[in-house]
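Participant: Just a sequence and a predicted model for now, questions to come.
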Amino acid sequence: MAKNAPPRWDRNMQQRLTRGEAAALGELYDRFASLVHSQAQRMLDDDTAADLVTREVFGYVWENPDAYDPRQGSMRAWVARLAHRHSVRRLREAGTGGGNGEDTADFDALEERVHRATSAARADYIVASMPAPLRAALELAYVQRRDYRQAAADLGVTEDEARRRLRLGLQLLSSAHTRPLDGVSPPGYGHSR
């Protein structure tokens, strides 16, 4: 397989969506809706808005399956970028709803919220892009609240290997908060307008 070729599932999914297979959209939704909703919820802090973003993202995917560019990453990463873009747009719309009398404090609060949301989205991107063994170890430790011994047993690896995976995953994840927002962003971020 060529170095930049997308994984088979991503390629097949894009082809099925392009053909207009409703079952493909359902499969994609089943696989990634919780990712989209949780990212939007974290950014917007509003379940109703997160529901709307989720519908918007999957509506966009249905209408624009060719917008997915496998050279920019996996379909999971693309869907996460779409969730980020739609959430940031909603944040900006909510922040500019006050009309012409917008004051500096409101603008600063909005920019801080966008800053935090972008940092959270960057962390989501890093987790979605990291190798599956590291992602699995982090999910066991931080989502399912397993310690490294339990994670090792669940993953079928030694305790040393589980600790190594957790350490590497956390090192990758820590870069989400140490990189400047004005600097280089993951592919697709920074083009959210």
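Facilitator: That came through fine. Numbering: from 1, shown residues only.

Participant: how would you label Arg146: helix, strand or coil?
Facilitator: Assigned by DSSP: H, G, I helix; E, B strand; the rest coil, the conformation of Arg146 is coil.

Participant: Distance-wise, check it relative to Arg165.
Facilitator: 12 Å (CB to CB, to the nearest Å). (C-beta placed from N, C-alpha, C; glycine too.)

Participant: swap in Gln144?
Facilitator: Gln144 is 15 Å from Arg165, by CB to CB.

Participant: More neighbours: the two, which one.
Facilitator: Neighbours per residue, other CB atoms under 10 Å: of Gln144 and Arg165, the larger number sits with Arg165, 25 against 10.

Participant: Going along the chain from the helix or strand of the chain with the lowest mean pLDDT, find the next helix or strand for me.
Facilitator: None of the helices or strands of the chain scores lower by mean pLDDT, DSSP states H and E than helix 104-129, at a mean of 70. Once the chain leaves helix 104-129, the next helix or strand it forms, by DSSP states H and E, is helix 132-138.

Participant: Which positions in the next helix or strand along the chain from that next one come out as buried?
Facilitator: Going down the chain from helix 132-138, the next helix or strand is helix 148-155, by DSSP H and E. Using 16 or more other CB atoms under 10 Å as the burial criterion, the residues of helix 148-155 that qualify are Tyr148, Ala151, Ala152, Leu155.

Participant: and helix 148-155, how far out from the chain's middle?
Facilitator: 25 Å (CA atoms, centre = their mean, to the nearest Å).

Participant: Report the rounded mean pLDDT for stretch 65-73.
Facilitator: For stretch 65-73, mean pLDDT rounds to 88.

Participant: what bits of this structure have low per-residue confidence?
Facilitator: Across the chain, the ranges flagged by pLDDT under 70 are 1-6, 96-107, 110-111, 113-115, 117-118, 120-121, 175-193.

Participant: ok, now how distant is Gln15 from Leu168?
Facilitator: 34 Å.

Participant: what about those two, which has more around it?
Facilitator: Applying other CB under 10 Å to Gln15 and Leu168 shows that Leu168 carries more neighbours, namely 16 against 12.

Participant: quick one on the thing from earlier: could you dump the buried residues of helix 148-155 into TSV with distance to Glu112 added?
Facilitator: Converted to TSV, the buried residues of helix 148-155 look like this (distance: CB to CB, whole Å):
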residue	distance to Glu112
Tyr148	35
Ala151	35
Ala152	39
Leu155	38
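
Participant: ok, of those residues, which one's closest to Leu91?
Facilitator: Ala151 (34.6 Å; CB to CB).

Participant: which residues does the closest one contact?
Facilitator: Ala151 makes contact with Ala137, Leu140, Ala141, Ala162, Leu166, according to CB atoms under 8 Å, 6 or more residues apart in numbering.

Participant: so which of the residues you listed comes closest to Tyr125?
Facilitator: Among these, Ala137 lies closest to Tyr125 (CB to CB), at 18.1 Å.
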